[in-house]
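K.L.:
Structural data only, the sequence is not supplied:
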């Protein structure tokens with residue numbers, strides 16, 4: 001139909017079926033859907049304006065389970081902050097959304113999107129706090145960890161490089177481990193996606 005419109009501008013009235021037969025005869029396939037944007041394409045195009053978040057659990061030597069919540073800026077791969085608790089109820093999770101807002105203001109970042117999964121620990125109040133900061137929450141499809149792959153990759157790094165090598169005693173000990181690892185990750189750990197620079201390296205990231 002696009003070709004039909006172009007031909008009409010030149011003064012030729014040709015039916016859509018005729019154009020289709022000519023294209024098939026010459027083995028010319030239909031044009032690709034240019035309006036469709038894949039999830040990977042969306043993340044690549046908007047990485048500077050996207051923050052991702054997720055939970056993971058850590059068990060202590062005394063069989064106590066803590067839940068760790070973290071936020072990561074997609075383009076820079078910078079961990080904005082982490083927090084842990086034994087009971088991630090609505091009040092605690094909502095407070096972490098407020099903490100994120102304050103951290104973003106301090107860093108001078110104005111992300112437009114936050115990616116999270118459909119975990120029930122993320123409450124409506126959590127989303128409302130972010131909406132008040134003009135951040136749109138994008139939920140990933142159910143059982144699709146690859147849709148939040150950068151956050152999932154950080155969980156794997158934190159486990160393989162720190163948590164799997166240590167016996168965690170309590171929440172205070174866990175916070176110390178996470179603090180040291182985040183400091184190392186942000187300031188010293190080379191990243192292949194950043195030309196082997198750490199997230200808070202000397203070279204500027206983002207839009208000028």
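P.N.:
In hand now; what should we look at? For clarity, every value in this text was computed on a predicted model and none was experimentally measured. Residues are numbered from 1 along each chain as shown.

K.L.:
Can you point out the buried residues in the least confident helix or strand in the chain by mean pLDDT?
P.N.:
With mean pLDDT, DSSP states H and E as the measure, the helix or strand of the chain carrying the lowest mean pLDDT is helix 39-46 (a mean of 72). Buried positions in helix 39-46, judged by neighbour count with 16 or more other Cβ atoms under 10 Å: 39, 43, 46. C-beta here means a position set from N, CA and C on the backbone, and glycine is covered the same way.

K.L.:
again, but for stretch 68-88
P.N.:
Quick answer for stretch 68-88 (16+ other Cβ under 10 Å): 68-84, 88.

K.L.:
roughly how far out does that stretch sit from the chain middle?
P.N.:
With Cα atoms, centre = their mean, to the nearest Å as the basis, stretch 68-88 stands 11 Å off its chain's centre.

K.L.:
average pLDDT for that stretch?
P.N.:
Stretch 68-88 shows a mean pLDDT of 95.

K.L.:
End to end on that stretch, go ahead and measure it.
P.N.:
Its start and end residues considered, stretch 68-88 measures 9 Å (Cα to Cα, to the nearest Å).

K.L.:
likewise stretch 103-120?
P.N.:
Stretch 103-120 stretches 24 Å from its first residue to its last (Cα to Cα).

K.L.:
Show the contacting residues for the residue positioned nearest the centre of the chain.
P.N.:
The chain has residue 52 as the residue nearest its centroid, 3.4 Å off, counting by Cα atoms, centre = their mean. Residue 52 sits next to 71, 72, 74, 114, 115, 116, 148, 150, 151 when contact means Cβ atoms under 8 Å, 6 or more residues apart in numbering.

K.L.:
burial count for the residue nearest to residue 137 when sequence neighbours are not counted?
P.N.:
Once flanking residues are discounted, residue 137 sits nearest to residue 127: 4.8 Å by Cβ to Cβ, 6 or more residues apart in numbering. Using other Cβ atoms under 10 Å, residue 127 has 18 other residues around it.

K.L.:
mean confidence for whichever helix or strand residue 127 is part of?
P.N.:
In this assignment (DSSP states H and E), residue 127 forms part of helix 124-132. Regarding helix 124-132, the rounded mean pLDDT is 95.

K.L.:
No further questions, thank you.
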